[in-house]
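**Q** next input, structure requested:
(chains A, B and C)
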Amino acid sequence: MDQGIPIELTVNGRRRTLVVAPRHTLLEVIRDELALTGTKECCLVGECGACTVRLDERIVDSCLVLAVEADGCVVTTVEGLAAGDRLTRLQAAFLDHGGVQCGFCIPGQVMAADDLLRRNPHPSLQEVEEGLAGNLCRCGCYGQIAEAVLATAAGDPEGEA
Amino acid sequence: MSAVRVGDAPRRVGGEARVTGRQQYVADIHLAHELHVKLVTLPVARARIGGIDTSAALALPGVRFVMTAADLPQPVPRFGPQFRDRPIIATDETKYHGDPVAAVAAETKDAAEAAARLVRVAWEELPAVTTVAAALDPTAPLVQDPAIRPNDPLAATNVLREHPVSWGDLDAAAASADLVVENVYTFPMVTHFAIEPHAFIAAPDGDGIAVWSSIQHPNWLQRVIAQLLDLPLAKVRVYAPDPGGGFGGKQHAKYEPLLAFMALRAGRPVRLVLTLEETFQAVRRTAAEVRVRTGLRSDGTLAFEDIEANYLIGAYADIADRVVGKGSYPACGPYRVPAARILARSILSHTVPSTAFRGFGNPQVNWAVESNLTEAAARLGIDPLELRLRNLARRGEAFIPFDTPCDGDWEQTVRRAAELIGWNTPAPAGRGRGIALGIKSGPTTGLSYSTVRLLADGSVVVYAGTSDMGQGARTVFAQIASQELGASLDAVTVVMGDTGVVPYDQQTSASRSTVLMGNAVLAACRDIQAKLRSMAARLHGVDEAEVVVDRGVVRLRGRELPIIDVLKPGLGSLGGELIGLGEMRKEADPDHPLGGTAAFFEFNCTAVEAEVDEETGDVTIARYVTVSDVGKAINPLQVRMQDEGAAIQGLGHTLLEQYIFDGHGRIRNLGAIDYRIPTSMDLPVEMISEIVENEDGPGPYGSKGMSEGALLCVAAAVAGAVRDASGVVIRDLPLTPERVWRALRDRDRS
Amino acid sequence: MHAFSYARPATLMEAVSLLAEHGPSARVLAGGTDLVIRLRDGTLTPDVVVDVKRIPELRPRIELGDGRLSISAGTVMTDVAADERVRRHFPALVEAARVVGSVQIRNRATLAGNVCNASPAADTAPPLLVYRAVAVAIGPEGIRRIPLDELFVRSGQTTLTRGELVTAIELPLPERRTGAAHLRRTRRRGHDLASVTLCCAVDEAGVTRIAYGSVGPRPVLEVDPSGLLADPAAPSETTAAALERMFAAASPSPGSMRASPEYRLAMLRVLGVRALRTALARLVEG
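**A** Numbers count the residues shown, from 1 in each chain, chains lettered A, B, ... in the order given. You can find the predicted model right below:
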């Protein structure tokens, strides 16, 4: 019988109160309890980064965080990046530079790229590649994703609508 | 915003949903009262199934039922795109590590997982064959029940089919050869590793059934389900949200049939989302051992190719035999080959069923044949680029005697790639270069319908049954409609992935969709344009022959009107819309070995400059060039992304990827930790991709299909560079550091 | 995952008491990047998971004092790699911390956790051994300082006794000027588990310390006080022979999927030579 542990956390700016089982990961709770399905399930062993979220100002693989550990924390998912319908410059750059194909890895990539630019507003290409190395893309968009990140850093998103 | 033109690179249609997380993949969809399904498998390659005790599983709270073969109609129905060889669930025997024996349905994921662990299966390990040699051994156990292939002499073996292709006089050609190079090459088992694991939902839908699947071929799946459940097609609705990566691994039915039966039994929706490990056990590329014997004259011209390709397919045929036939067919490459003998075999084994995977059987033979050409060049003392150019087919040449002739200026592609790599300049010290050519036949038959609706305000809805799994089909179709009907891109809606609403499309594969569905969309637009012509003629009192509708504009009597200025008055007080129907069909040719000639060829030249760390075996690619002959890039950005993506995927099987088995035929490296694919840090230092556009394809505006070409010859180009840099010749993939290191030591010893 | 109870002690004593009470059926949860994987695959089925992150003494903190740098148990790899004092005094540890997984992993994985997990392939183990790290542990019997070389037993096993919990990793400031380097072998350039991981440090007195992992059941530390390896004028056969002695304890497992024993042993030597060269160069640069 699962223990039910009450937790309180802020998700995308909203305070949420939940009762969770210890064995449920933050990823599961985000997707299943909070119905925020932008964060994806893939490898579930912290290798692919599809589940990347921001937890207290740092990006983490939410598949390796138990939901109970997030008690009292601030969580941002991909849904929390854009302001309403308006894409961030980074998101727009992903589209303008061809950094998106099937899209499944993209929420994680965007979270990782967003984090990188906060820590390092003007990264080199190598720093971009290292910063996003925890996000696998099987469609192979790495080059274009890097271009998008560098373009955002340079303050020059091409052809923004 | 004005209409985009073909050749522009607008933002991907559907892109916003992807970058915001709003995109709904199958696993993001939840239905009320859904049950969660978990599969039960055995820790062995092949086993006889004894009793299945579900009592402990059923006793868990929340568990509704456990489905086994005994719960299905008897005999258990079988399915499969080529042979109906696959039972909906294993019956008396599991045939590969991961073959499901039972499926639990429960109220929660946790309950389903816990119950799956409690299902007690009495099983007995049986001898399994997991390699070509083992499968071909005369004493080998048969993978497939011979009764599935009555009247087939091969049914008493594990050879499913043989695909012989030959032309010319091989003996005479052999006599004329000054050099014969013969080697065996191997291509390992690798898996698709789409970032979205396969996901399926089935639910009763009135007197029929609804299925959601990450499937690439919705109409095909509809047919399979209808047949298995004995339902009319019109009572089977398949929803096919964009797959999160397909690459061929989501083409054909896997667990949808099982889920359909479970949904009908439960009277409720049932959902199954595979774990990444389970996807490795569901789909993979066909592995191969290829013996190539190439004969050349001393001037480097080819005398013959004699190729024996043993492809190791899985326990169920899926589409793998087609992979073998179609992939091996152009094995000789894009060259003038006076005499050829190709014999490819699809060989069954107790392994994960292999299925379609980008390249469709071509990368395996390309690895062998191109590597052999590189060796031949070395032995003849001829530059490997020069050797290829000397033999390269020219436009119009029937390089495969009974098929579509060379349909492009391939030399242009090759020379451009050579130029970009700096082939005729000296390589920097310590680096070597390799070059290879890849060819693949496009679709051999095809049928796509599209309907397009021009709505009263000039906006457009396009219905196209193609699956957009990242290649950008949706955008391509939207661009065509935008250009032809003068609507801005944000006034075009493309509806895909719903057999209840979208007309028939044969499938999404073989890089076919821009050509086949694109032409259908174009035809539907032209149908609307014809109606607009008629409308304009009526409104302006002129003859239809005097009206031209071209790219969103109506021209008559020296005037130019935007379509809306004809449409609005034309529709009149009742309003309405104009509906266009388009069809693109490529008929089968029953006499052709592949069932039809190639609609087009994908042609690519890849050139690599690399260095090898002599102490560790690490291969560093300093420069990577890929050039593809695409006819016309409807969206150049998407084309570039596909080519670079294909190259990176190819670098995966070239340098990193393989299944690792234990002595019991079990896969050891399931999951992301020990199956390595390229990350952002594993890219070539410099990657250059270009396209050749001669508008000489059969698709809209002279386009050809593309997206597989750039994967075909990655391995041979890289290995060629490794050979040039270090002198080592490696004939087995992947070129892991350890494998290269061993080859370096062998070189030093000899 | 199997169900388990979750405890979040607020004090060290509570944590120790829980661990003492449950023994092997309790597991410590710090970063979770190893534990959660094993909970999911069922290789660990504890009754209780003890989350130590809210214990004040364990909260992320790096402190310099008493000639030692003390890295609290809750300190993650990102912070270890970014800390100015770690960079100045223990640069090879930074090199190692920076290659543990990805950014996402490094933001959670703790240095202490990496040590206590006792994987023979742990990348931080060789530099910690070379830098003479000590694990500070608290248990029912009190506080112990355990030199890391005495902590590792084999994969997944340390000499911590029932109820003991590591509270910090301490690194004594080097008494002599030192040059050090960390290198490893992986299957790809992207993040990966090491098939060989090695650290070499040479100090101005010529003492050479080499530690290596993933070539045996536990990370190994070897010390050569002779000065031979540190002598740039020594003939290469002599250096090679000295290095060979350092690697005598290597015994890679034949069953590994990542690399064969032959390759690992060969790479051990390649990395040893390269790391030594870099360490000497850094010693000279000062």
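**Q** when you work out contacts or count neighbours from here on, use the C-alpha atoms and nothing else.
**A** Noted.
**Q** in the stretch 101-250 of chain C, what residue lies closest to chain A?
**A** Of all residues in the stretch 101-250 of chain C, C:Q104 sits closest to chain A, at 4.2 Å by Cα to the nearest Cα.
**Q** which ones are touching that residue?
**A** Taking Cα atoms under 8 Å, 6 or more residues apart in numbering or on different chains, we find C:Q104 in contact with A:49, A:52, A:58-61, A:134.
**Q** look up how far A:I106 lies from C:V134.
**A** 42 Å (Cα to Cα, to the nearest Å).
**Q** what about these two, which has more around it?
**A** Using other Cα atoms under 10 Å in any protein chain shown, the more surrounded residue of C:V134 and A:I106 is A:I106, with 30 against 22.
**Q** residue contacts, the more buried one?
**A** Taking Cα under 8 Å, 6+ apart as the test, what A:I106 contacts is A:50, A:100, B:18-19, B:21.
**Q** how about JSON lines for those, with pLDDT and secondary structure added?
**A** What follows is the contacts of A:I106, written out as JSON lines (pLDDT from 0 to 100; DSSP: H, G, I helix; E, B strand; the rest coil):
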{"residue": "A:A50", "pLDDT": "98", "secondary structure": "coil"}
{"residue": "A:V100", "pLDDT": "96", "secondary structure": "coil"}
{"residue": "B:R18", "pLDDT": "95", "secondary structure": "helix"}
{"residue": "B:V19", "pLDDT": "95", "secondary structure": "helix"}
{"residue": "B:G21", "pLDDT": "95", "secondary structure": "coil"}
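**Q** could you dump these into TSV and include distance to B:I89?
**A** Formatted as TSV, those follow (distance: Cα to Cα, whole Å):
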residue	distance to B:I89
A:A50	31
A:V100	37
B:R18	35
B:V19	38
B:G21	35
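**Q** for C:R177, grab the count of nearby residues.
**A** C:R177 has 14 neighbours, counted by other Cα under 10 Å.
**Q** contacting residues for it?
**A** Neighbouring residues of C:R177 by Cα under 8 Å, 6+ apart: C:203-204, C:283, C:286.
**Q** ok, which stretches of chain A are strands?
**A** Assigned by DSSP state E, the strands in chain A fall at A:5-11, A:14-20, A:52-55, A:58-61, A:74-76.
**Q** still on that earlier bit, host element of the residue of the stretch 101-250 of chain C closest to chain A?
**A** helix C:103-106 (DSSP states H and E).
**Q** can you point out the buried residues in the longest helix anywhere in chain A?
**A** Ordering each helix of chain A by length in residues (DSSP state H) puts helix A:106-119 first. By neighbour count on 16 or more other Cα atoms under 10 Å in any protein chain shown, the buried set for helix A:106-119 is A:106-117.
**Q** could you pull up the mean pLDDT of that helix?
**A** Mean pLDDT, helix A:106-119: 98.
**Q** run the chain-centre distance for the helix ranked longest in chain B.
**A** Determined from DSSP H, the single longest helix within chain B is helix B:516-540. Helix B:516-540 has its C-alpha centroid displaced from the chain centroid by 33 Å (Cα atoms, centre = their mean, to the nearest Å).
**Q** the helix or strand following it pairs with which strands?
**A** Sequence order places strand B:548-550 as the next helix or strand after helix B:516-540, per DSSP H and E. Counting by DSSP bridges, the strands paired with strand B:548-550 are strand B:553-556 (antiparallel).
**Q** contacts for the strand it pairs with?
**A** Counting by Cα under 8 Å, 6+ apart, B:485-486, B:533, B:536, B:546-549, B:560-563, B:566 sit against strand B:553-556.
**Q** between which two of these is the distance greatest?
**A** B:G486 and B:E546 (20.0 Å; Cα to Cα).
**Q** more neighbours, these two?
**A** B:G486 (25 against 13).
**Q** what residues are up against the more buried one?
**A** Here B:G486 is in contact with B:2-3, B:551-553, B:562-563 (Cα under 8 Å, 6+ apart).
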